[in-house]
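Colleague: okay, sequence plus prediction incoming.
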Amino acid sequence: MDSIHSILEHNEQFVASKEYETYLSSGIPNKKLVVVTCMDTRLTELLPRAMNLRNGDAKIIKNAGAVISHPYGSVMRSVLVALYELQAEEVIVCGHYGCGMAALNADHMINEIKERGISPEVLTTLEHSGIDLKTWLQGFGSEKNGVINSVDMIKNHPLLPPHVPVHGMIIDPSTGQLELLVNGYEQQKSSI
């Protein structure tokens with residue numbers, strides 16, 4: 001059975017048995033948090049448990065590497081929506097050790113793109129449109145630096161409310177141990 005049919009079959013039973021009732025919550029995060037984290041499958045259940053987050057406690061934004069690569073991209077927009085429209089009051093960027101983005105090699109990925117059927121003409125069109133695929137697809141050298149760079153991108157955004165703490169953390173995906181890299185409360189004090 002393919003994935004989508006398996007999902008829909010499970011969903012039919014899930015709804016019929018009213019399992020959804022334990023997950024009901026408002027759209028407002030109970031703990032007033034927005035968390036930017038990696039899409040790594042090891043974090044799906046581990047990160048919320050390690051952070052003591054339950055359904056409805058936080059807005060969780062996931063992408064490859066917990067990276068905010070553009071100040072006006074969709075991740076930053078989501079952070080701002082959470083802060084201005086959904087009553088979040090703090091931001092946590094949480095990366096993880098062993099992140100695939102730290103080892104991402106743009107040349108390898110471009111070769112994979114070609115092998116999976118994307119034509120050289122498409123790649124040339126992107127290049128002539130001003131898109132540098134090698135830069136866009138390049139990972140980061142250090143998981144910690146990736147987190148710190150994303151924290152800086154958020155903290156220095158001109159639309160970030162001035163008194164919002166922005167924290168940076170990294171999690172060990174084997175143990176769930178969290179390490180604080182950037183204490184947003186201390187950064188607030190030093191900027192006053």
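Modeller: Received, thanks.
Colleague: need the contact list for residue 105.
Modeller: Contacts for residue 105 (Cβ atoms under 8 Å, 6 or more residues apart in numbering) come out as 138, 139. Just so you know, the C-beta spots here come from the backbone N, C-alpha and C atoms, and that holds for glycine as well.
Colleague: an error on my part: the question was meant for residue 86.
Modeller: Per Cβ under 8 Å, 6+ apart, neighbours of residue 86: 27, 28, 29, 34, 59.
Colleague: quick one: the helices in this structure, in order.
Modeller: 3-16, 43-50, 74-85, 100-103, 106-115, 120-128, 133-136, 143-155, 184-191 (DSSP state H).
Colleague: so for residue 93, which of those sits nearest?
Modeller: Using Cβ to Cβ as the criterion, the shortest distance between residue 93 and the helices of the chain is 4.6 Å, found for helix 143-155.
Colleague: buried stuff in the closest one?
Modeller: If you call a residue buried by 16 or more other Cβ atoms under 10 Å, then helix 143-155 has these buried ones: 143, 144, 146, 147, 148, 149, 150, 151, 153, 154, 155.
Colleague: stretch 122-138 too?
Modeller: 137, 138.
Colleague: still on that earlier bit, between the helices of the chain, which gets nearest to residue 175?
Modeller: Among these, if distance is taken as Cβ to Cβ, the winner is helix 43-50, at 8.7 Å.
Colleague: name the helices or strands packed onto the closest one?
Modeller: Using 3 or more Cβ pairs under 8 Å, 6 or more residues apart in numbering; DSSP states H and E as the contact definition, the elements that helix 43-50 packs against are strand 33-38, strand 166-171.
Colleague: cheers, nothing more for now.
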